[in-house]
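>>> let's see this in three dimensions:
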Amino acid sequence: MTSASSDTTHPAGAHPGGLMALSVGAIGVVYGDIGTSPLYTMKELFSGSHGVALHHDNVLGVLSMVFWSLMLVVSFKYVLLLLRADNRGEGGQMALMALALRTAQSQSRRAWWITVLAIFGTALFYGDGVVTPAISVLSAVEGLEVAAPALHPFVIPITVVVLVGLFLLQRRGTASVGAMFGPVMMVWFSVLAVLGLIQVVQNPAVLAAMNPWYALQFCMNEGTHAFFALGAVVLAITGAEAIYADMGHFGARPIRAAWFGFVLPALVLNYFGQGALLLSDPSAVKNPFYFLVPEVLLYPMIALATCATVIASQAVISGAFSVTRQAMQLGLLPRFVVSHTSSESAGQIYMPGVNWMMLVVVIGLVLGFRSSGNLASAYGIAVTGTAVICTMLAFVVMRNIWGWRTGAYVFLIGMIAIDIAFFASCATKVMDGGWFPLVLAALIFIGMLTWRRGRQLLGERMKADTMPLDLFIKSLFHSPPHHVPGTAIFMTTNPEGVPRALLHNLLHNKVLHERVVLLTVVTHDVPFVPESERVVIESMDYGFHKLYLHYGFKDEPNVPRALELAGEKGLAFEMMDTTFFLGRETLIPKIKPEMAMWREKLFIVLYRNAGSAVDYFKIPVNRVVEFGTQVEL
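Numbers count the residues shown, from 1 in each chain. The predicted structure follows:
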């Protein structure tokens, strides 16, 4: 049985204008990426590296493929079906993985495959995420070449300046400009619709492309060319994964309303308008999107397109921060520094390490590929790979949680065929640039698996060398140490054993605090854990207490706030009388490691450079004592 619908989480219809307001917000955040695809999709289809011949039948065939891709992949798969697969109102790759894992035993082979697939899908997200800002902003600025060919040398520098400005603004957060995202994108989609409608009215015959027969006929007539064309058709649906990933921000109803009521019609009209223009003026193939625009409005349109692509890029960058934090919570990545940019919204965060790494890669892409046409070869393969994984995980959820039998297999066979066809076509562009997101995703994938496995081995080593807590407490009755007033909190991942920091404190300082708390943070496979369920207390003999703090993978761990909640449950803390004891392990490579030596060294490097637990858990730095120890992996 699935968790509560996101519609109940976001009761858009509970007050007048609620659904409308959330729908406008969704247009600004959810549909920015897919909404800027008309800038380059048709251009790549007819003049890209595998461009098809420009004539009447091919234009209708290509339009039919674009239209039915939007209908089957975006409308059916993501908007209608996947928005039902919510994890307590949240969506995205991590939420889908958590749902799928509930159907498998934790140590089973199925659980391993589900986890690996989800990790690889997350790694592919980063591969796609760095291409999106580069191709989007570059394709918008390339409109200058249409307005004034002499401005061609300035396209790359202007693109770099826009992107650097975008990433520099991340530290300020999106709260101040976020309110403008929806209205700006409303204007953008309205302009898309009007520009396309003008051409469709002049050549209404292009509407015949809504008949799927034209797509089938195109595939039969063009054969290999049609297969290669799929690699450009997929550009029309890039960004579809954001529909599911951002469900928790807006809810399913507003996202569906925005898509079917506004975004889809605008996109279809613009694509069909570009097709109509190509039929009447084949020379427009140089840049079909900007040739739709009246010459007098060209510069304003370039400015609007740049704003739209910046908004689309902003959503991708914010998504990278969010996914990274979720991966950290689930133990898939080391801790990064997280800064909050809004006092009102916990979801608005800034991660400087992720931000600057993305900037370097994005600028490298722009300088290396130098045109949106070249970047199109690098775009798509990560998107289609993610789509294949999403379909497989969705099948597990449909079959084992929703109880679908025949329907789940029909969905799997139908959608996996489409996904694999897109992926295979994009794979032909690997040598032309598609290698980049794959290599980047592979590196991140290896890093995630290495970090996960290394943490598991480190936990086993620590547990094997740990004295059982019950025996330790019994020994205190026989030879009690000297007691000092106050509370000592020892953070530990193994509440059944004695933390090394506790033993070190007792060995070196010869004292034990009158109240000892073993604090364990537990992350669950749900996005959020209510504060009423945050704290679990277990009291033991000799002034010992076990304190469990429960968080979801989208929650923000905050130990001081949790201690306040513990006080409401009978275990009160006076912060000025409380000391936190943490262990700092120095890892030593093992002579015969259980991981490959290079992976062990990689884990040690990641471990040494991980962010501080003090910062991550919001612990007051003036109340912390750290004890160092060496651990052999």
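>>> confidence-wise, which helix or strand of the protein is lowest on average?
Every helix and strand in the chain was compared by mean pLDDT, DSSP states H and E; the lowest is helix 6-9, with a mean of 36.
>>> what's the domain layout of the chain?
Following automatic domain parsing, one finds the domains of the chain at 25-452, 467-632.
>>> dump those to CSV, plus mean neighbour count and distance to residue 461.
C-beta: built from backbone N, CA, C; applies to glycine. Shown next, in CSV, are these (neighbours: other C-beta atoms under 10 Å; distance: least, C-beta to C-beta, whole Å):
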stretch, mean neighbour count, distance to residue 461
domain 25-452, 20, 15
domain 467-632, 16, 6
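>>> okay if I get those domains as a markdown table plus distance to residue 460 and mean pLDDT?
Compiled in a markdown table, these are given as follows (distance: least, C-beta to C-beta, whole Å; pLDDT from 0 to 100):
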| stretch | distance to residue 460 | mean pLDDT |
| --- | --- | --- |
| domain 25-452 | 13 | 88 |
| domain 467-632 | 9 | 87 |
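>>> turn those domains into a markdown table, columns for distance to residue 18.
Below are the domains of the chain laid out as a markdown table (distance: least, C-beta to C-beta, whole Å):
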| stretch | distance to residue 18 |
| --- | --- |
| domain 25-452 | 9 |
| domain 467-632 | 21 |
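>>> what distance do you get for residue 602 to residue 240?
Remark: distance between residue 602 and residue 240 (C-beta to C-beta, to the nearest Å) = 33 Å.
>>> and what of residue 126?
Separation of residue 126 from residue 240 (C-beta to C-beta): 17 Å.
>>> picking that back up, next secondary structure after the least confident helix or strand of the chain?
On the C-terminal side of helix 6-9, the closest following helix or strand by DSSP states H and E is helix 18-29.
>>> quick one, helices of the stretch 301-450 of the chain?
352-369, 372-378, 381-400, 406-427, 435-464 (DSSP state H, counting those that start in this stretch).
>>> which strand or helix spans the spatially closest residue to residue 61 that is not a sequence neighbour?
For residue 61, the nearest residue in space outside its immediate sequence neighbours is residue 218; the separation is 2.4 Å by C-beta to C-beta, 6 or more residues apart in numbering. Taking DSSP H and E as the criterion, residue 218 maps to helix 212-222.
>>> which residues sit against that helix?
With C-beta atoms under 8 Å, 6 or more residues apart in numbering as the contact definition, helix 212-222 has outside contacts at 52, 57-58, 60-65, 68, 208, 226-227, 229.
>>> among those residues, name the ones in helices.
Secondary structure defined by DSSP state H assigns 57, 58, 60, 61, 62, 63, 64, 65, 68, 226, 227, 229 of those to helices.
>>> spit out the contact partners of the fourth one.
Pointing back at residue 61 there. 209, 214, 215, 217, 218, 219, 221, 222, 226.
>>> picking that back up, adding distance to residue 462, write the ones in helices among the contacts of helix 212-222 out as TSV.
Below are those laid out as TSV (distance: C-beta to C-beta, whole Å):
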residue	distance to residue 462
57	67
58	64
60	65
61	62
62	59
63	60
64	60
65	55
68	55
226	57
227	53
229	55
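>>> and the strands in the chain, which stretches?
All strands of the chain, identified by DSSP state E, fall at 339-340, 349-350, 482-491, 511-523, 535-539, 544-551, 578-588, 624-632.
>>> how about the ones you listed in a markdown table, adding distance to residue 560?
Converted to a markdown table, these look like this (distance: least, C-beta to C-beta, whole Å):
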| stretch | distance to residue 560 |
| --- | --- |
| strand 339-340 | 15 |
| strand 349-350 | 18 |
| strand 482-491 | 11 |
| strand 511-523 | 12 |
| strand 535-539 | 13 |
| strand 544-551 | 11 |
| strand 578-588 | 10 |
| strand 624-632 | 12 |
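>>> which of those sits closest to residue 419?
Closest approach to residue 419 among those (C-beta to C-beta): strand 511-523, 30.4 Å.
>>> please save the CA atoms from that closest one in CSV.
The C-alpha atoms that make up strand 511-523 are tabulated as CSV, following Å, rounded to 0.1, in the frame of the first residue of the first chain:
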residue,chain,number,x,y,z
VAL,A,511,36.4,10.1,35.4
LEU,A,512,32.9,9.4,34.3
HIS,A,513,30.1,11.9,34.1
GLU,A,514,27.1,11.5,36.4
ARG,A,515,24.9,11.1,33.4
VAL,A,516,26.1,9.4,30.2
VAL,A,517,24.0,9.5,27.0
LEU,A,518,24.8,7.3,23.9
LEU,A,519,23.4,9.2,21.0
THR,A,520,22.6,7.3,17.8
VAL,A,521,21.2,9.0,14.6
VAL,A,522,19.0,6.7,12.5
THR,A,523,18.0,7.6,8.9
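>>> chain center to that strand, what's the gap?
Relative to the mean C-alpha coordinate of its chain, strand 511-523 is positioned 35 Å out (C-alpha atoms, centre = their mean, to the nearest Å).
>>> how about stretch 366-384?
Here stretch 366-384 is found 19 Å from its chain centre; the criterion is C-alpha atoms, centre = their mean.
>>> for it, measure first residue to last.
In stretch 366-384, first residue to last residue: 22 Å (C-alpha to C-alpha, to the nearest Å).
>>> which residues does stretch 586-599 contact?
Where contact means C-beta under 8 Å, 6+ apart, the residues beyond stretch 586-599 that reach it are 446, 450, 453-454, 457-458, 600-601, 603-604, 607-608, 628-633.
>>> I misspoke; the intended subject was stretch 528-539.
Everything outside stretch 528-539 that qualifies as a contact, by C-beta under 8 Å, 6+ apart, is 88, 90, 545-552, 554-555, 562, 565-566, 569-571.
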